[in-house]
Structure formats: C-alpha cells, structure tokens
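> Okay, predicted coordinates and the sequence, questions at the end:
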Amino acid sequence: MDIETNRLVLRGWLDSDAKDLYRLAKDPRVGPIAGWPPHKSEEDSLNIIRTVLSKPYTFAVVLKEENKVVGSIGLMLQVDSNLDILEDEGEIGYWIGTPYWKKGLATEATKALIQFAFQTLKLNKLWCGYFDGNNKSKRVQEKCGFIYHHTNKDIHWKLLDEIRTEHITCLEKNNTFNLSRD
C-alpha cells in the first residue's frame, strides 16, 4: 500500500533501495541525531531493509520528481514502539537525507502518515520524540501539530550505547488541524 502526496510517495522498502539507503544513511549527520549509527556498507543497508525497515507501516520516502528514496518514515504500534503506548495509539519516526533537508519533505511525509493513522487505522493518539539538539525534528513535530508531553532524561539508548535526553510529543485525533498535504 502506497501513500501519495504532491511531491512524495510513501511505499514499502525494496531490496533494490539498498544503494540509495546507504548513500543517505552513511552520513554521520543523519543517523546519530535520530538515534542510530551510520550505515557501514550497502550490505549493511540491505540487512536493515530486510529487518528493521520491513516492519508494517514502515515506508521509504520517495521523491516523485527524481523517483529516488530521500528518507524513511514509520508508524510503530504497541510492541514495535519505543514508548509504552495503548492499542489505539502509534509512534511516528522519520528521517530525511541531508541533500533533501530544508525542503519540507519530512513535514509533508509526516502529515500524510498522520492522516493515514487517524483515518485508515482509526488510531486516537500519536506520539513522536526527538533527542536534545535535534531541532529540525522538533520543528517538524511542531508544524504537524504535535504538543510537548514530557522529557525522559538520562536514558540509555542501546543502538548507540549512549545516555540521552528525549523529548516526547503527542497529537490527539480530535486536536488535529488542517493536515493538507500541499
């Protein structure tokens, strides 16, 4: 199942996306700020496609104009979430490769996934988080209507074996504003 916006297609990851994924995910400015290590090889990226990115509701963010993967977005439900969430809730995570920063693509993809979560999956609340210093992600969440909920200080983030501070935001279905994908 694909989700389309004016500029993007959100679609399942394919093995053939490994080269594009590696090109974007090897950049140390992308993964660590989002909580994962830079990819080490195209084979590493392929393995991540087959494991982490193969989960339900995890999408490659594809720029229609170039027909290229520019990032990833996912909706994690219950056990797949990093948070303790209820059955009618989900957690959104996303990243966009550096060549595509400052173009509004993360916001566009997130708004589309919010709409899918509330309208198609009938979820009632969505959660999102960002680590200290990730002001780009914070700004995307603000633009999409997420409201600050709480901060988790001094948490051990296993993927990077680091102590981090994470800020958690939420968006309730009845508090959404115009989610136009324009």
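Structure received.
> need the next SSE after the longest helix along the chain, C-terminal direction.
As assigned by DSSP state H, the longest helix anywhere in the chain is helix 105-115. Going down the chain from helix 105-115, the next helix or strand is strand 125-131, by DSSP states H and E.
> quick one: that next one to helix 105-115, angle?
Here the directions of strand 125-131 and helix 105-115 differ by 150 degrees (axes from the mean of the first three to the mean of the last three Cα atoms, to 10 degrees).
> Strand 125-131: how far from the chain's middle?
Here the centre of strand 125-131 is set off from its chain's centre by 10 Å, with Cα atoms, centre = their mean, to the nearest Å.
> what's the average pLDDT for that strand?
For strand 125-131, the mean per-residue pLDDT is 95.
> strands paired with that strand, and their directions?
Here strand 125-131 has these sheet partners by DSSP bridges: strand 89-96 (parallel), strand 162-172 (antiparallel).
> For that strand, which outside residues touch it?
Strand 125-131 has contacts (Cβ atoms under 8 Å, 6 or more residues apart in numbering) with 33-35, 75, 81-83, 85-86, 88-93, 114, 117-118, 137-138, 141, 146, 149, 157, 164-173. Heads up, the C-betas are built off the backbone N, CA and C, glycines and all.
> Let's see the PyMOL selection covering just the buried ones among those.
Applying 16 or more other Cβ atoms under 10 Å to these leaves a buried subset, and the PyMOL line that selects it is:
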select buried, resi 33+34+35+75+81+82+83+85+89+90+91+92+93+114+117+118+137+138+141+146+157+166+167+168+169+170+171+173
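> coming back round to it: how about the strands paired with strand 125-131 in a markdown table, adding mean pLDDT?
Listed next are those as a markdown table, based on pLDDT from 0 to 100:
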| stretch | mean pLDDT |
| --- | --- |
| strand 89-96 | 95 |
| strand 162-172 | 93 |
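> I'd like those laid out as a markdown table, including distance to Gly71.
As requested, these are exported to a markdown table (distance: least, Cβ to Cβ, whole Å):
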| stretch | distance to Gly71 |
| --- | --- |
| strand 89-96 | 4 |
| strand 162-172 | 19 |
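> who wins for proximity to Phe59 among those?
Across the strands paired with strand 125-131, the minimum distance to Phe59, taken as Cβ to Cβ, is reached by strand 89-96, at 9.4 Å.
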